[in-house]
Structures are given as C-alpha cells and as structure tokens.
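Enquirer: Coordinates for the following, if possible.
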Amino acid sequence: MGDITIEAKDLGKKFNGVWGVKSANFTAKEKELTVLAGPNGAGKTTTVRILTTFYKPTKGKAEVLGMDVVKEYREIRKRIAYLPQDYNVPWEVTPEEYITWTLVIRGYGISQAKKEAKEWIELLGIKEIKDKPSRQLSGGEQRRVAVAATLATGAEVIFLDEPTVGLDPEIKQVVWKVIRDIVVSGASILLTTHDMREAQVLADKVVLMNEGITIVEDEPMKLIRSLPYQHKIIIEKTESLNFDELGPHIDLGDRVILYTKTRSEAVDMIKEINPCTKIFSMSYVELEDAYLYLISRGDHFVNRSPN
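Expert: This is a model prediction of the structure:
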C-alpha cells in the first residue's frame, strides 16, 4: 500500500506512577484507515495524545510523517488534524461559522473556507442546524460538526478519537461513509474506538490494545479467520447443560456463547440442545470474538483450545 505515516515503538506514558499506556507498537500507512480498538482504559487515547504531540512519552519512540513527536512536534502540528474524544464546539458559534473559521486558521482564504464549509455541512447531514449556536445542539449534533471541521482540513494525517460516540446508528453510518470516502480519495486516518463492530466495518488495519499494550495488528478479516472457531451460538444458560462437554464458550450469566469450527457443527450442536432451551442466535464469529480469544487467559474463553 502506501508509505508509513505513523510508527510507534514500545511507546509508553506514565502518570503519577500509573501507566496510561505501557507498550504501544504498530505502524499506520498512507491512504489507509488504521483503527486502535480496545475497551475503555486500553491506552488508546493516551497513545493518540502522544502521537499528536500533546503528551511527551515516558518511554519508547514515535514518528508521524517521518518526524519525531518530541523533537519535531512543531512541524507535526502543522501537518495533522486531531479531534479529541471529549471536544466540544464553542457554545455561541454556529456549525457553519465553526467549520469556516477552522479552515481559515489552517490557511484557507475566507471565500474558499465558506465554500468548503457548505460542502462538509451537506456531507455530514447538518444543513438544518448550520445556523444554530452550538449551545442549542444535541451532543450527537455537536460531534458531527466537530468531525466535519476536522475532516475538512484535508490534513496529511487525521486523528479521530472515538468520533462516533453518542451518535444514533443511522447517523453513525453517515459518518462512516464520509470517513471511508475520504480514505478512498487518499486520506490517512488513525481512529480509535471501543466498538469492535465499528473497527471491523471501517478499518483497513486494526491495532488491538488491552491494558495499555498492543496485542496484535492486522486486517480485520485476517484476525477473524485466525480463530480456530468460525461460528457461534448464543443460548440460554440452564442447569441441564454441561457446557464443558459442549466445548469452548463464554459464560454471560444467564446466557452462554458457544463456539464451533464449522456451521455443520453448530447445527449439530443446536440439535443436541434440549428443545426447551432458548436459542437466541447463530452467526459467524466477528472481530469482537477474535479480540476476546486473543486476550483470554481462561477468564473469557472457558476451554480455549479447540477439540
């Protein structure tokens, strides 16, 4: 694909003796969407803040566009755009004003900035609220405005930290489409999410993180296909079932996820289950299952090894 735009080597940051991120190791390439995925507290935001030069690393090294994040932070800041997870648009500013002046600050002429702002307002579906002050907007509407302003910059590398938090499913897919469209057009984006489905849908490459450490990086489907199980069944948990005999599973309390190598094995397992036991679904495994398998040390996957 493209050249490397981001590189993290044993990157770590400690706050008052506590590691925000312990060891981040990955690369991101030009013209790709790389997703840092993992639960809250995995170290995603801290990693992004180091890469965007807001934090100085405690250990390790990182480069963005071939430049050291510590030694060349001024030049990096000129060439990237960053949307923090908790960013809010100023209250008295309208969406159109905010996007326009964001671009003016980045060096656009006022007429070009206004033209670009109108285009991004259309793309993100915020035309109806473009003249409302931010204080009158919902959290989801404010988030779309912030995403629009960040993407509109056309920066060489764009960092989006949990960009779709708080968005309804329908609106989230609008944002997904815009993000994928600009990647296809040549943008380089690093995005964080705790939503494994979002990572699976959007990413060219996923970097899975847990407890401040990079577990693995690869294409979503390669991670999914690396599982020894390709199907899963979600069933009601009953005392009559011996789940250890049924094979690898995850106990959800009143429900259990059972894993099988093939669809035929899943069908046979359903036939063996007591007809009185409720079956909620049968489906292919997904990125979330791969993540749970990779971080498991017996707490998530009971009987990890396939039979």
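Enquirer: From here on, just use CA atoms for contacts and neighbour counts.
Expert: OK.
Enquirer: Give me the neighbour count for the nearest residue to Leu258 once chain neighbours are set aside.
Expert: Nearest residue to Leu258, sequence neighbours excluded (C-alpha to C-alpha, 6 or more residues apart in numbering): His249, at 4.4 Å. When neighbours are counted by other C-alpha atoms under 10 Å, His249 registers 21.
Enquirer: got the phi/psi numbers for His249?
Expert: phi -160, psi 170 (degrees, to the nearest 10).
Enquirer: and it, what are its bridge partners?
Expert: His249 has these beta-bridge partners by DSSP bridges: Leu258, Val302.
Enquirer: Mind pulling the model confidence for it?
Expert: His249 is assigned 87 on the pLDDT scale.
Enquirer: For the host helix or strand of Ser111, the averaged confidence score.
Expert: Taking DSSP states H and E as the definition, Ser111 sits inside helix 110-123. For helix 110-123, mean pLDDT rounds to 97.
Enquirer: Buried residues, whatever helix or strand comes next after it. List them.
Expert: Using DSSP H and E, the helix or strand that follows helix 110-123 towards the C-terminus is helix 139-152. By neighbour count with 16 or more other C-alpha atoms under 10 Å, helix 139-152 contains the buried residues 140-152.
Enquirer: Equivalent analysis for stretch 252-260, please.
Expert: For stretch 252-260, by 16+ other C-alpha under 10 Å, it's Arg255, Val256, Ile257, Leu258, Tyr259, Thr260.
Enquirer: Tell me who's in contact with the third one.
Expert: In other words, Ile257. By C-alpha atoms under 8 Å, 6 or more residues apart in numbering, the contact set of Ile257 is Lys232, Ile233, Ile234, Ile235, His249, Ile250, Asp251.
Enquirer: Apply 10 Å and report the result again.
Expert: 232-237, 243, 248-251, 280-282, 289, 301 (C-alpha atoms under 10 Å, 6 or more residues apart in numbering).
Enquirer: which stretches of the protein form helices?
Expert: 44-51, 73-79, 95-105, 110-123, 139-152, 169-184, 196-202, 220-225, 243-246, 263-272, 287-295 (DSSP state H).
Enquirer: These: which one's closest to Asp86?
Expert: helix 139-152 (9.4 Å; C-alpha to C-alpha).
Enquirer: Give me the average confidence score over the closest one.
Expert: 95.
Enquirer: where in the chain is pLDDT low?
Expert: In the predicted model of the chain, residues 1-2, 243, 297-307 satisfy pLDDT under 70.
Enquirer: What's opposite the one residue sitting closest to the centre of it in the beta bridge?
Expert: Nearest residue to the geometric centre of the chain (C-alpha atoms, centre = their mean): Thr193, 2.7 Å. Taking DSSP bridges as the rule, Thr193 bridges to Ala37.
Enquirer: Could I get the buried residue list for stretch 125-133?
Expert: Result for stretch 125-133 [16+ other C-alpha under 10 Å]: buried residues Gly125, Ile126, Ile129, Lys130, Lys132, Pro133.
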